[in-house]
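S.K.: Just a sequence and a predicted model for now, questions to come.
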Amino acid sequence: MRVVTARDYDQMSRKASYIVASRVILNPRCVLGLATGDTPKGLYRELVRLHQAGDVDFSGVTTFNLDEYVGLAPEHPNSYHRYMEEHFFRFVSIPPEQRHIPRGDAPDIAAECERYEEAVRRAGGVDLQILGLGRDGHIGFNEPDVKFEKGTHVVRLAPSTIEANARFFASAGEVPQSAISMGIKTIMSARRLLLLASGPEKAEAIRGAVLGAVTPDLPASVLQLHPNATVIVDDDAASLLF
Ligand code: F6R
């Protein structure tokens, strides 16, 4: 695991954007795994800037998002479909058929999980997977104590995750109780992983993920076993590392 430090959120976002942009420049038809949440917003902003400067062309890229809330249609204001549209897709020219996000409103959620896993496989797997980090150490929506060997599956969200994500909804009661998420097995199959963490509330989880034992109690710790994982942390998130 490679740990890269950044002085603050903006520098973390810029460093991450250079890593993602270099993948796309070297392989314009690469498969990117995307995350949502607050952490990668700055990364998307920087990638849009690079696109607008004409430095990176995303039109050949295929994308797979990590997760989506069960029960939310793509048009729902809190869906990850909407998030991706708002922060990235509407600015760059990735054809819609090359973008993939699990359908939280699928009539058969188990079948949707299988379909999604198969779609990742058919695309040849993910070249570079972007990850954020939950305060409890989750990646995707793989909460503590998940089995490492799972593919895309339905997850019951931990109370702490519901509470953390309530800021995006009118109230905690409106946060869906479950989500479709790539599993740890899916994530670990990506050829490269890029985990971003910013802010003091991530410091404990970063310490566990980087220095602690590899355990399902802290799902991000599994990154230690990946042959090509990079973690970019800002000074606040790295405060318990050195
Ligand atoms: C989002 C995702 C989650 C978030 C994590 C951190 O697609 O999979 O694991 O990355 O909950 O969220 P933020 O960045 O909002 O702190």
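M.R.: Thanks, I have the structure now. Numbering: from 1, shown residues only.

S.K.: From start to finish, how long is stretch 98-117 in a straight line?
M.R.: End-to-end span of stretch 98-117 (CA to CA, to the nearest Å): 15 Å.

S.K.: How many neighbouring residues does whatever residue of the chain ends up closest to the ligand have?
M.R.: Proximity of the chain to the ligand (CB to the nearest ligand atom) peaks at G132, 2.3 Å away. Using the backbone N, CA and C atoms, a C-beta is placed for each residue, glycine as well. Using other CB atoms under 10 Å, G132 has 21 neighbouring residues.

S.K.: Now for the closest residue to Y69 other than its chain neighbours: which residues touch it?
M.R.: Nearest residue to Y69 in three dimensions, chain neighbours excluded: P176, at 4.0 Å (CB to CB, 6 or more residues apart in numbering). By CB atoms under 8 Å, 6 or more residues apart in numbering, P176 lies in contact with Y69, V70, G71, L72, G104, L157.

S.K.: Now with 6 Å, please.
M.R.: P176 sits next to Y69, V70, G71 when contact means CB atoms under 6 Å, 6 or more residues apart in numbering.

S.K.: Same question for T215.
M.R.: Counted by CB under 6 Å, 6+ apart, T215 has contacts S221.

S.K.: Would you double-check that it falls in a strand?
M.R.: No. T215 is assigned coil when assessed by DSSP: H, G, I helix; E, B strand; the rest coil, not a strand.

S.K.: pLDDT at V146, what is it?
M.R.: Here, the pLDDT recorded for V146 equals 69.

S.K.: quick thing: my sequence starts at 25, can you match it?
M.R.: Sure, I'll start numbering at 25, so the last one becomes V170.

S.K.: lowest-confidence helix or strand of this structure?
M.R.: Least confident helix or strand of the chain, by mean pLDDT, DSSP states H and E, is helix 183-189 with a mean of 89.

S.K.: In CSV, list the C-alpha atoms belonging to that one.
M.R.: Provided in CSV are the C-alpha atoms of helix 183-189 (Å, rounded to 0.1, in the frame of the first residue of the first chain):
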residue,chain,number,x,y,z
PRO,A,183,-26.7,3.2,12.0
SER,A,184,-23.5,5.3,11.9
THR,A,185,-23.6,5.3,8.1
ILE,A,186,-27.2,6.3,8.0
GLU,A,187,-26.4,9.1,10.5
ALA,A,188,-23.4,10.2,8.5
ASN,A,189,-25.4,10.3,5.3
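
S.K.: Buried residues in that helix, which are they?
M.R.: T185, I186, A188, N189 (16 or more other CB atoms under 10 Å).

S.K.: after that helix comes which helix or strand?
M.R.: strand 202-205 (DSSP states H and E).

S.K.: Is there proximity between the helix or strand just after that next one and the ligand?
M.R.: Following strand 202-205 in sequence order, the next helix or strand is helix 208-213 (DSSP H and E). No. Helix 208-213 lies out of reach of the ligand by CB under 6 Å from any ligand atom, never closer than 9.6 Å.

S.K.: so S103 sits right up against L96, yeah?
M.R.: Yes. Counting by CB atoms under 6 Å, S103 does reach L96; the two are 4.2 Å apart.
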